[in-house]
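[1] below are the sequence and a predicted model for it; my questions follow.
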Amino acid sequence: MEIYLDTHVVVWAYAGATERFSAKVRDRIEQDELLISPLVLLEMQYLKEIGRLLVDPGVIYESLAGSIGLRTGDVSLGRVVAEAMVHTWTRDPFDRMITATASVANAILLTKDQDILGHYSKAIWD
């Protein structure tokens, strides 16, 4: 099954912070096909630019591609933007676009973000 990862999940996976994940989440990471929206890479770049992330997003992505098979989802940007336009529950452009990417792909989104969990029916954390 395809499952998209939110930005914080990618960062925690790269950092080896597996204690942040429940056993069920760890199982999903080990068993499912893992994808990210390209917007996750952009959000990590922003975090790096403001000093909240010290590692280059490309390094994180390549490391996780090798270790857990992470890949970037192939969803039309036009479709994602159209979907994001109806996600009026947040002003955060990254949350909107990452959630919209998963929605267009009709996929699960693994996130701890309570706003996303409350508004995207296929968002899971536990």
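    Nice, thanks for sending it over.
[2] which parts of this structure are helices?
    Secondary structure of the chain (DSSP state H): helices at 7-15, 23-31, 38-49, 57-68, 77-84, 93-104, 114-119.
[3] buried residues in the fifth one?
    Same thing as helix 77-84. Going by neighbour count (16 or more other CB atoms under 10 Å), the buried part of helix 77-84 is V80, E83, A84. All C-beta spots, glycine's among them, are computed from the backbone N, C-alpha and C.
[4] pull the contacting residues for the closest residue in space to the last one that isn't next to it in sequence.
    Right, the one you point to is A84. Nearest residue to A84, sequence neighbours excluded (CB to CB, 6 or more residues apart in numbering): A100, at 3.8 Å. Contact analysis of A100 by CB atoms under 8 Å, 6 or more residues apart in numbering lists V80, V81, E83, A84, H87.
[5] for A100, give its distance to L47.
    In this view, A100 and L47 are 20 Å apart by CB to CB, to the nearest Å.
[6] repeat for I98
    Relative to L47, I98 is positioned 14 Å away (CB to CB).
[7] overlap in contacts of those two?
    With CB under 8 Å, 6+ apart, I98 and L47 have common neighbours T7.
[8] of those two, which one has the most company?
    Per other CB atoms under 10 Å, whichever of I98 and L47 has more neighbours is I98, with 30 against 18.
[9] may I have the predicted confidence score for the more buried one?
    Per-residue pLDDT puts I98 at 98.
[10] quick one: residues contacting it.
    I98 is in contact with Y4, D6, T7, S37, L39, V40, E43, L109, counting by CB under 8 Å, 6+ apart.
[11] closest one of these to S63?
    Closest to S63 out of the contacts of I98 is V40 (14.0 Å), distances taken as CB to CB.
[12] apart from its neighbours in sequence, what residue is nearest that closest one?
    Using CB to CB, 6+ apart, the nearest residue to V40 is T7, at 4.9 Å.
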